[in-house]
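Whatever this is, show me its structure:
(4 chains)
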2 protein chains.
Amino acid sequence: MYTVKEVSKLLDLSEHTVRYYTDKGLVPNVQRDKNNNRLFDEKSVHWLTGIKNLKRCGMSVESIKTYVDLCLEGDSTVRERYEIILEQKNAALAQLEEAKLRAKFMEKKANHYLDIINQVVQDNTNPGKW
Amino acid sequence: MYTVKEVSKLLDLSEHTVRYYTDKGLVPNVQRDKNNNRLFDEKSVHWLTGIKNLKRCGMSVESIKTYVDLCLEGDSTVRERYEIILEQKNAALAQLEEAKLRAKFMEKKANHYLDIINQVVQDNTNPGKW
DNA sequence: TAACACCTTCGAGTAACACGAAGTCAATAC
DNA sequence: GTATTGACTTCGTGTTACTCGAAGGTGTTA
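Numbers count the residues shown, from 1 in each chain, chains lettered A, B, ... in the order given. Just a heads-up that it's a prediction; the model follows:
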């Protein structure tokens, strides 16, 4: 069983965020100890992992809530859930491509600065101040 | 010369966001036509491209503003700007790794659902409802 | 001359936290 | 035995980066 602090470290989420998600009903069956402290078991961690991933795919907390509720409804919602996951998987793939381009862009930019700092004289196809 | 609508399409930003960035001073020297409409030239587009990338690296609008101002100050700030870019480049690389993991996670999830839908009976190392 | 598409400013609304106050509880420190 | 420490609680406000919509100015097409 994990405390808020422990899961937050484990999943690299802020404690605020962990509480926020649980309070919004994104994590089913979060237990409390006798002092009313949230207690997370392996299943909770599992849920939170999924939630974190869906969130980073770009899903809103509200949409994730809908998805979680569908999960709790049982087998009859499998197809509907699949559609959601499929969409988010595609979002993730698109993000991956974007991330690649962005990383390249930033590497170029950093190298550009290195060139300037090292006084490397370049040809004048240099695209400008940026 | 581009209108707000045109750059927003070109760079895949909302018109609101383009206006927001220009009004916050992130894009230097944005012209206006006789009807006071914003007009973006190639340089502006160049700036916006950089801004978009920095933003997606996780930089706040405020920090980007600081960076842009440093750019406008000239050569004396090159080293300082390099430090900023370096940090953001590393952020971009970290994001890239995260994006890879997330894409994998989502693909597994999607395949998991496909298995269920196709009634594939699996071994019981199945990790649960998720 | 009217409709349409585009632009403008401005002010309010929203999502997803982030933060801080005020308080509870249990374990250690002196 | 009290005091400090540290983790937790709830609640309510603040922040960022948009996002939306209203109200209105142009300029071209029908």
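
what helices or strands is the helix ranked longest in chain A leaning on?
In chain A, assigned by DSSP state H, the helix with the most residues is helix A:78-117. Helices and strands touching helix A:78-117, by 3 or more CB pairs under 8 Å, 6 or more residues apart in numbering or on different chains; DSSP states H and E, are helix A:42-57, helix A:61-73, helix B:42-57, helix B:78-117. C-beta here means a position set from N, CA and C on the backbone, and glycine is covered the same way.

right, is the second one up against chain B?
Yes. For helix A:61-73, a contact with chain B is found by CB under 8 Å from any CB of the partner chain, at residue A:71.

can you pull the contacts of the most centrally placed residue in chain A?
Among the residues of chain A, the one closest to the centroid is residue A:56, at 2.8 Å (CA atoms, centre = their mean). Contact partners of residue A:56, counting by CB atoms under 8 Å, 6 or more residues apart in numbering or on different chains, are B:98, B:102.

and it, how far is that from residue B:4?
Taking CB to CB, to the nearest Å as the criterion, residue A:56 is separated from residue B:4 by 30 Å.

Ok, residue A:91 next?
Here residue A:91 is placed at a distance of 26 Å from residue B:4 (CB to CB).

Check residue A:62 too.
Taken as CB to CB, the span from residue A:62 to residue B:4 is 30 Å.

The two: which has the busier surroundings?
It is residue B:4, of residue A:62 and residue B:4, that has more neighbours when counted by other CB atoms under 10 Å in any protein chain shown, with 20 against 10.

Correct me if wrong: the more buried one contacts residue B:19.
Yes. Taking contacts as CB atoms under 8 Å, residue B:4 lies within contact range of residue B:19: 6.2 Å.
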